[in-house]
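> Could you look at this predicted model? Sequence included:
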Amino acid sequence: MALFGGKTALITGGGRGIGKEIALMLARNGADVAVAARTKKELEKTAKEIERLGRESLVIKTDLAKDKDIKKMYSGFMKKFGKLDMLFNNAGVLFSGEFAKSSLRQADMMIDVNFRGTVRSTHEALKHMKNGGIIINTASVAGLNAYPTLAVYSATKFAVVGFTQAVAQEAQEKGIRVYSVCPGATKTKMFDKVYPGQNAEYTPGEVAEEVLEMIRSKTLKPGSAVVVKHHKKQKK
């Protein structure tokens, strides 16, 4: 039987980058996967790839900054699949620049999506994980060490790490494992937009490989913030 045969998963930010690679990794291992984000066209492409792998998929157009969208995301997911086994709070936004000269509107957007969206999504997910499950929140190495020009982004990711550690202690009694994954600079559309022409440290596929190892681990401490490592089979 496939590793995730009979399991269902929901991935926010699932239309591209890290979220898409996690979705495809899960589907290759037997899971049925719903992908949620703001851009429907990208979601539909991911969903088709999931279905080509022989798994069921669902596209949910969602703005993680809106509470009503998060509630609709879960109602749509449960209507389709009936149960939730795995949640990946991956959606995020990034703006870079000196804080004193930065836009507070952009700061609010990072807080709303990166942190508040993760909190709201997790709150809904825990209502539906009746028979255990796993939640992995995408944080960042910027959530473990602060970087200049990333003041608010770092703050939101520090918050995700702390939130994850606390919720993990509560959820483990219900058989739910909660972790955060902390990639370094990863080659995504968002990275290229913020840092044009710069080299990234990781590929989305390497992050997805780390996530797979986290899920499979029998020894990972609840609430762990796992820094992504390069995987030999991903290297060229």
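Okay, I see it.
> for this protein, what are the low-confidence residue spans?
Within the chain, the stretches with pLDDT under 70 are 1, 230-236.
> contacting residues around the residue nearest the centre of it?
Closest residue to the average C-alpha location of the chain: Asn90 at 1.9 Å, with C-alpha atoms, centre = their mean. The contact partners of Asn90, by C-beta atoms under 8 Å, 6 or more residues apart in numbering, come to 11-14, 18-19, 22, 138. Quick note: C-beta positions are derived from backbone N, CA and C, even for glycine.
> If any of the residues you listed are buried, give me the ChimeraX selection for them.
Here is the ChimeraX selection string for the buried members of those, based on 16 or more other C-beta atoms under 10 Å:
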select :11,12,13,14,18,19,22,138
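> okay if I get the contacts of Asn90 as JSON lines plus secondary structure?
Output for the contacts of Asn90, formatted as JSON lines (DSSP: H, G, I helix; E, B strand; the rest coil):
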{"residue": "Ile11", "secondary structure": "strand"}
{"residue": "Thr12", "secondary structure": "strand"}
{"residue": "Gly13", "secondary structure": "coil"}
{"residue": "Gly14", "secondary structure": "coil"}
{"residue": "Ile18", "secondary structure": "helix"}
{"residue": "Gly19", "secondary structure": "helix"}
{"residue": "Ile22", "secondary structure": "helix"}
{"residue": "Thr138", "secondary structure": "strand"}
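> tell me what the longest helix anywhere in the chain is packed against?
For the chain, the helix with the greatest residue count under DSSP state H is helix 151-171. Packing partners of helix 151-171 (3 or more C-beta pairs under 8 Å, 6 or more residues apart in numbering; DSSP states H and E): helix 104-110, helix 117-128, strand 133-138, strand 176-182, strand 225-227.
> now it against helix 117-128, angle please.
Relative orientation of helix 151-171 versus helix 117-128 (axes from the mean of the first three to the mean of the last three C-alpha atoms, to 10 degrees): 20 degrees.
> and the angle for helix 151-171 with strand 133-138?
Using the same axes, to 10 degrees: helix 151-171 against strand 133-138 is 170 degrees.
> doesn't Thr186 make contact with Tyr202?
Yes. Taking contacts as C-beta atoms under 8 Å, Tyr202 lies within contact range of Thr186: 4.5 Å.
> Show me whatever sits in contact with both of those two.
With C-beta under 8 Å, 6+ apart as the test, Tyr202 and Thr186 both reach Val228.
> Mind putting the helices and strands packed on helix 151-171 into CSV with distance to Val167?
Below are the helices and strands packed on helix 151-171 laid out as CSV (distance: least, C-beta to C-beta, whole Å):
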stretch, distance to Val167
helix 104-110, 20
helix 117-128, 6
strand 133-138, 8
strand 176-182, 5
strand 225-227, 13
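> Phe4 touches Val33, doesn't it?
No. Using C-beta under 8 Å, Phe4 makes no contact with Val33, being 9.3 Å away.
> Comparing these two, which shows the higher neighbour count?
Val33 (29 against 22; other C-beta atoms under 10 Å).
> Now the common contact residues for Phe4 and Val33.
Common neighbours of Phe4 and Val33, counting by C-beta under 8 Å, 6+ apart, are Leu26.
> What's the local residue count around the closest residue to Val119 other than its chain neighbours?
The shortest distance from Val119 to any non-neighbouring residue, by C-beta to C-beta, 6 or more residues apart in numbering, is to Phe163 (6.4 Å). Phe163 sits with 20 neighbouring residues when counted by other C-beta under 10 Å.
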